[in-house]
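Undergrad: Need coordinates for the below:
(3 chains)
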Amino acid sequence: MYIPWKYTDFQDKATNVAQKLLGMYLIHRTSEVEYIGKIVETEAYGGSYRGKIDDASHAWRKRTNRNEPMFQNGGISYVYLIYGMYHCFNVVTSLKDDAQAVLIRAIEPIQGKEYMLANRKLSIPDKRISNGPGKLCTAMNITIKENSIPLWKAPLFIATPTNKEMIRIVKGKRVNISYAEKGKYFPWRFFIQGNPYVSKG
DNA sequence: AATTAGATTGAC
DNA sequence: TCAATCTAATTA
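TA: Got it, this is the predicted structure:
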């Protein structure tokens, strides 16, 4: 069982929401199945850290067609295609015109595992099914069609599991942003300590 | 109009 | 270590 997040739950700094999202459910209802993944790894983007602008954020320089969802009120999705082949799913946070978002980097499959396995073209169920931002999108069938839609109601939403257990949060530097001279040092990656589905990073 | 590079992944 | 694959963003 789970309780969907409210509209206002998303309207906070990305660094806060990124940590609140750990242990929460990401749910995608399709005509075939209801996918549920427990969020185990996140990264915050946008805003600033110790007076330094996050130059790793897509919204750093300017507002463009692609990053437009990041400038909207928190609570919608921001999905984009990376390297021409993979999708990345973000939760937009904060308020309108303050571009902040949380990249979901890994989930632990809770429901719809057989479908996830098929989507990933794997035969053996192990952590490789969803231990990366592109992998979880493939597993849960999240594509550009799910870009810029509300995340507090079906078909794609965040929910608090009623049986949520205690977790220990580990913080570190974000992955694959070495081009960002300032941002690469920000400790804005968060994951659940000991969870096997966390990406290699 | 042409070029560049990317919030990744999987194969070698 | 490196190719796949393609589009948004940048440069001319």
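Undergrad: use CA for all of it now, contacts and neighbours both
TA: OK.
Undergrad: So which residues on chain A come close to DNA strand C?
TA: By C-alpha under 7 Å from any atom of the strand, the part of chain A that sits against DNA strand C consists of A:61-62, A:64-67, A:81-85.
Undergrad: what about the residue of chain A found nearest DNA strand C, is that helix, strand or coil?
TA: Nearest to DNA strand C in chain A, going by C-alpha to the nearest atom of the strand, is residue A:84, at a distance of 3.1 Å. Under DSSP: H, G, I helix; E, B strand; the rest coil, residue A:84 falls in the coil class.
Undergrad: burial measure for it, as a count.
TA: 7 (other C-alpha atoms under 10 Å).
Undergrad: ditto for residue A:23
TA: 24.
Undergrad: go on, residue A:61?
TA: Residue A:61, neighbours per other C-alpha under 10 Å, totals 10.
Undergrad: can you map out the strands along chain A?
TA: Under the criterion DSSP state E, strands of chain A are mapped to A:2-4, A:25-29, A:34-46, A:48-49, A:52-53, A:77-82, A:86-92, A:100-111, A:152-153, A:156-161, A:169-172, A:189-192.
Undergrad: Could you tell me which strands sit next to the fourth one in the sheet, and their orientation?
TA: When you say that, I think you mean strand A:48-49. The pairing partners recorded for strand A:48-49 under DSSP bridges are strand A:52-53 (antiparallel).
Undergrad: ok, and what's touching the strand it pairs with?
TA: A:46-47, A:60, A:182-183 (C-alpha atoms under 8 Å, 6 or more residues apart in numbering).
Undergrad: so residue A:56 makes contact with residue A:45?
TA: Yes. Residue A:56 is in contact with residue A:45 according to C-alpha atoms under 8 Å; the separation is 7.1 Å.
Undergrad: Between these two, which has more neighbouring residues?
TA: residue A:45 (30 against 21).
Undergrad: follow-up on the earlier one: what about burial for the residues of chain A next to DNA strand C, which qualify?
TA: residue A:67 (16 or more other C-alpha atoms under 10 Å).
Undergrad: and the residues of chain A next to DNA strand C as JSON lines, adding pLDDT?
TA: Listed next are the residues of chain A next to DNA strand C as JSON lines, based on pLDDT from 0 to 100:
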{"residue": "A:61", "pLDDT": "90"}
{"residue": "A:62", "pLDDT": "88"}
{"residue": "A:64", "pLDDT": "93"}
{"residue": "A:65", "pLDDT": "92"}
{"residue": "A:66", "pLDDT": "94"}
{"residue": "A:67", "pLDDT": "96"}
{"residue": "A:81", "pLDDT": "96"}
{"residue": "A:82", "pLDDT": "96"}
{"residue": "A:83", "pLDDT": "95"}
{"residue": "A:84", "pLDDT": "94"}
{"residue": "A:85", "pLDDT": "95"}
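Undergrad: Which ones among the residues of chain A next to DNA strand C also lie next to DNA strand B?
TA: Restricting the residues of chain A next to DNA strand C to those touching DNA strand B (C-alpha under 7 Å from any atom of the strand) yields A:82-85.
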